[in-house]
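Novice: Turn this into a structure:
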Amino acid sequence: MKLKTMSRITALAMCMTLALAGCGNSGDSGNSNSSKTETNDSGEKAGAGKTELKIAIAANPPSLDPPSVNSNVVGGIGIHVYEPLFAMNGDYEPTPVLAESYEVSDDGMVYTIKLREGVKFHNGEEMTADDVVASMNRWLELSAKANTLIGGSVFEKVDDYTVSMKANEASSDIIMVLASPIQFAAIYPKEVVDAASDEGISDFIGTGPYKVAEWKQDQFIELEKYEGYQPSEGESSGLAGEKKASMEKITYEVVTDTSTRIAGVKNGQYDIIEEVPLEQYEELSQEPGLEMNVNRGGTLNLFFNTTEGIMANEDIRQAALAALNCDDILLASYGDPNLYELNAGWCDPTDAQWGTDAGKEYYNQQDTDKAKKLLKDAGYNNEPIILVTTPDYDEMYNATLVVQEQLKQAGFNAEVESYDFSTFMEHRADPKQFSMFITSNSYNMLPIQLSVLDSGWAGLDRPEVTEGIAAIRSAESDEAAASAWEDLQTFLYEYGAATVLGHYTGVTTMNANVEGNDYLRFPIYWNVTVSE
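Specialist: Alright, predicted model coming up:
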């Protein structure tokens with residue numbers, strides 16, 4: 001089957017919080033036509049604009065190792081520091097970045113990838129096949145999404161500037177998977193990969209337009225322009241093409257208090273603020289000198305623990321689904337009905353191929369009596385139901401509190417445990433530490449990339465998922481693939497694995513003198529300038 005190209009898939013847009021954790025320093029090396037610009041005491045170019053972009057972010061991320069963590073805050077900062085072999089351009093088409101070209105064998109099982117020559121890491125060493133093989137095989141092992149789709153594939157060295165990938169099975173979407181921005185396949189020096197621990201990499205060295213200069217936990221992350229950067233060919237487009245490090249520095253300041261972020265962008269302390277609560281949208285949109293980026297972005301989702309504990313009982317999960325009033329949950333999360341949409345689909349409802357409300361009979365039931373009956377029939381005996389959450393993301397936290405109350409009204413002994421974002425991510429990943437949790441998840445380009453289908457996300461491990469993914473990937477037509485996805489989405493609801501709560505928009509606020517920002521899955525800042 002030949003899947004639709006990304007230019008045919010509805011453009012995805014959402015402004016997500018960016019952040020970074022970890023520390024590291026890397027040397028400057030390589031020739032560059034760029035020259036240092038003299039600055040004044042306010043950090044502005046003489047006679048030009050600012051040289052430092054300041055962004056206020058809402059949470060401190062758990063890592064700076066994109067392949068190992070399914071987190072927007074990690075991936076968003078990572079795209080400025082690391083690069084993959086392939087990335088999505090502005091038309092959502094897989095495009096070579098560190099790769100130069102590729103060929104596929106007649107049986108579709110072997111991909112031979114030619115690498116760009118002369119690309120330098122931030123430590124001054126040239127990227128070769130050894131680095132790529134080490135990075136890609138680690139990515140295949142660590143990335144739940146990669147493992148789900150092409151697990152068992154192997155990268156091998158052909159020569160210093162050529163690698164091969166032996167696929168686990170033939171499929172037309174493999175290059176698209178390699179180019180996915182979610183847990184993207186960052187290329188590191190081989191020695192960085194070899195030294196990585198279970199906690200991730202410890203030296204943050206990539207080939208991107210910016211390098212990590214300094215990081216202080218819970219305070220700030222500072223990136224500085226990499227003078228030796230060598231962009232790929234072509235105009236800047238999405239996550240591909242030329243990347244101009246227009247600012248000498250990009251500083252992400254961790255500001256967990258919403259009012260402080262808002263005050264900071266109003267008084268010019270920050271050029272951009274992420275994670276603006278939607279209830280603040282109307283106020284900020286009328287503020288002189290500020291601009292609002294509002295984009296349809298993704299889904300707010302509730303995930304159940306299907307593997308152990310009381311929620312492993314399917315009838316109890318269905319009782320929880322019956323109790324939910326998504327209208328109230330979304331209103332508490334986003335504040336304005338114009339900024340969210342009630343819909344059962346896991347994909348963008350406007351996507352011609354993947355948008356479906358299959359399983360909608362299980363969505364937004366608002367049936368407390370049904371929930372109570374299901375609990376009684378299941379023999380529920382007031383066992384604690386643990387909802388883990390984080391106050392670092394308002395919409396997730398507020399939604400959790402409303403869900404807790406709705407579950408209590410249906411007879412659940414629902415308890416909320418709240419942690420900082422990094423600790424929340426640890427609890428979310430361990431089925432022993434949660435009964436359910438809520439996260440906001442950006443739209444994916446293919447439904448097979450959804451977190452709900454990854455056993456490492458919330459523990460769902462069912463043959464119906466494996467078979468459903470295989471049916472989508474092996475379908476002989478777009479229509480057959482869409483039908484297979486409808487069947488799989490229906491299963492998610494029937495089994496009570498998880499539910500969409502609704503579809504949201506994302507809001508980023510910036511000063512009007514910020515120009516050149518872009519978005520593709522993450523905010524893109526390498527072409528940004530800030531005038532005086």
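
Novice: burial of Ser164, as a residue count?
Specialist: Residues contacting Ser164 under the criterion other C-beta atoms under 10 Å number 18. Placement of C-beta: from N, CA and C, glycine included.

Novice: ignore the last one, Gln406
Specialist: Gln406: 21 surrounding residues under other C-beta under 10 Å.

Novice: got the phi/psi numbers for it?
Specialist: Main-chain torsions, Gln406, degrees, to the nearest 10: phi -70, psi -40.

Novice: Scan this protein for its longest helix.
Specialist: The single longest helix within the chain, with elements called by DSSP state H, is helix 478-495.

Novice: Tyr161 and Gly359, how far apart?
Specialist: Using C-beta to C-beta, to the nearest Å, one gets 48 Å for the distance from Tyr161 to Gly359.

Novice: swap in Met88?
Specialist: 29 Å.

Novice: Look at the two and report which has more neighbours.
Specialist: Met88 (25 against 22).

Novice: list the contacts for that one?
Specialist: Neighbouring residues of Met88 by C-beta atoms under 8 Å, 6 or more residues apart in numbering: 6, 94-95, 179-181, 238-240, 445, 520-521.

Novice: Make TSV from those and add secondary structure and pLDDT to it.
Specialist: Below are the contacts of Met88 laid out as TSV (DSSP: H, G, I helix; E, B strand; the rest coil; pLDDT from 0 to 100):
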residue	secondary structure	pLDDT
Met6	helix	32
Pro94	strand	91
Thr95	strand	95
Ala179	coil	94
Ser180	coil	90
Pro181	coil	90
Gly238	coil	92
Leu239	coil	95
Ala240	strand	95
Met445	coil	79
Leu520	strand	82
Arg521	coil	80
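
Novice: So which of these is the closest to Gly78?
Specialist: Nearest to Gly78 among the contacts of Met88 is Pro181, at 9.4 Å by C-beta to C-beta.

Novice: ok, now which ones touch the closest one?
Specialist: Going by C-beta under 8 Å, 6+ apart, the list of residues near Pro181 reads 75, 79, 87-88, 239, 520-522.

Novice: again, but for Asp315
Specialist: Applying C-beta under 8 Å, 6+ apart, the residues near Asp315 are 374-375, 377-378.

Novice: What's the separation between it and Leu290?
Specialist: From Asp315 to Leu290 the distance is 50 Å (C-beta to C-beta).

Novice: Output the below-cut-off pLDDT ranges for the stretch 101-250 of the chain.
Specialist: Applying pLDDT under 70 to the stretch 101-250 of the chain flags no residue at all.

Novice: Show the residue spans covered by the helices in it.
Specialist: 129-142, 144-150, 174-178, 190-195 (DSSP state H, counting those that start in this stretch).

Novice: Those: which one's closest to Glu479?
Specialist: Across the helices of the stretch 101-250 of the chain, closest to Glu479 is helix 174-178 (C-beta to C-beta), at 19.1 Å.

Novice: how close does His427 sit to Ala410?
Specialist: As judged by C-beta to C-beta, His427 and Ala410 stand 24 Å apart.

Novice: you'd agree Leu375 is up against Ala319?
Specialist: Yes - between Leu375 and Ala319 there is a contact at 4.8 Å, judged by C-beta atoms under 8 Å.

Novice: For stretch 226-236, buried residues please.
Specialist: Buried residues in stretch 226-236, counted by 16 or more other C-beta atoms under 10 Å: 226-229, 231-232, 236.

Novice: Sort out which of these are in strands and list them.
Specialist: Among the buried residues of stretch 226-236, none falls in strands (DSSP state E).

Novice: tell me which residues in the lowest-mean-pLDDT helix or strand in the chain are buried?
Specialist: In the chain, no helix or strand scores lower on mean pLDDT, DSSP states H and E than helix 281-285, which sits at a mean of 82. Neighbour-count burial for helix 281-285, counted by 16+ other C-beta under 10 Å, picks out 281, 284.

Novice: quick one: average confidence on whatever helix or strand comes next after that helix?
Specialist: Scanning forward in sequence from helix 281-285 by DSSP states H and E, the next helix or strand is strand 290-304. Across strand 290-304, the average pLDDT comes to 88.

Novice: For the spatially closest residue to Asn168 that is not a sequence neighbour, what are phi and psi?
Specialist: Distance criterion C-beta to C-beta, 6 or more residues apart in numbering; nearest residue to Asn168, sequence neighbours excluded, is Gly152 at 3.7 Å. Main-chain dihedrals, Gly152, degrees, to the nearest 10: phi 100, psi -10.

Novice: so how far is Trp346 from Gly152?
Specialist: For Gly152, the distance to Trp346 - C-beta to C-beta - is 26 Å.

Novice: ok, those two, which is more surrounded?
Specialist: More crowded of Gly152 and Trp346, by other C-beta under 10 Å: Trp346, with 31 against 10.

Novice: domain parsing for the protein?
Specialist: 6-271+513-530, 297-505 (automatic domain parsing).

Novice: Save those as CSV, and put in distance to Gln286 too.
Specialist: What follows is those, written out as CSV (distance: least, C-beta to C-beta, whole Å):
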stretch, distance to Gln286
domain 6-271+513-530, 12
domain 297-505, 14
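
Novice: So for Glu279, which of those domains sits nearest?
Specialist: Among the domains of the chain, domain 297-505 comes nearest to Glu279, with 3.2 Å by C-beta to C-beta.

Novice: what sits against the residue lying closest to Leu140 once chain neighbours are set aside?
Specialist: Leaving aside its chain neighbours, Leu140 sits nearest to Ala146 (5.3 Å; criterion: C-beta to C-beta, 6+ apart). Counting by C-beta under 8 Å, 6+ apart, Ala146 touches 67, 139-140, 177, 183, 185.

Novice: could you pull out the strands for the stretch 1-150 of the chain?
Specialist: 52-57, 86-88, 94-96, 99-104, 110-115 (DSSP state E, counting those that start in this stretch).

Novice: what does the fourth one contact?
Specialist: This points to strand 99-104. Contacts for strand 99-104 (C-beta under 8 Å, 6+ apart): 85-86, 96, 110-117, 175.

Novice: For it, which residues meet the burial criterion?
Specialist: 99-100, 102, 104.

Novice: returning to that earlier point: make CSV out of the contacts of Met88 and add distance to Phe121.
Specialist: Output for these, formatted as CSV (distance: C-beta to C-beta, whole Å):
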residue, distance to Phe121
Met6, 29
Pro94, 23
Thr95, 21
Ala179, 21
Ser180, 22
Pro181, 21
Gly238, 23
Leu239, 19
Ala240, 19
Met445, 28
Leu520, 24
Arg521, 24
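
Novice: coming back round to it: the buried residues of strand 99-104 into a markdown table, with extra columns for distance to Ser135?
Specialist: Formatted as a markdown table, the buried residues of strand 99-104 follow (distance: C-beta to C-beta, whole Å):
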| residue | distance to Ser135 |
| --- | --- |
| Ala99 | 13 |
| Glu100 | 17 |
| Tyr102 | 16 |
| Val104 | 21 |
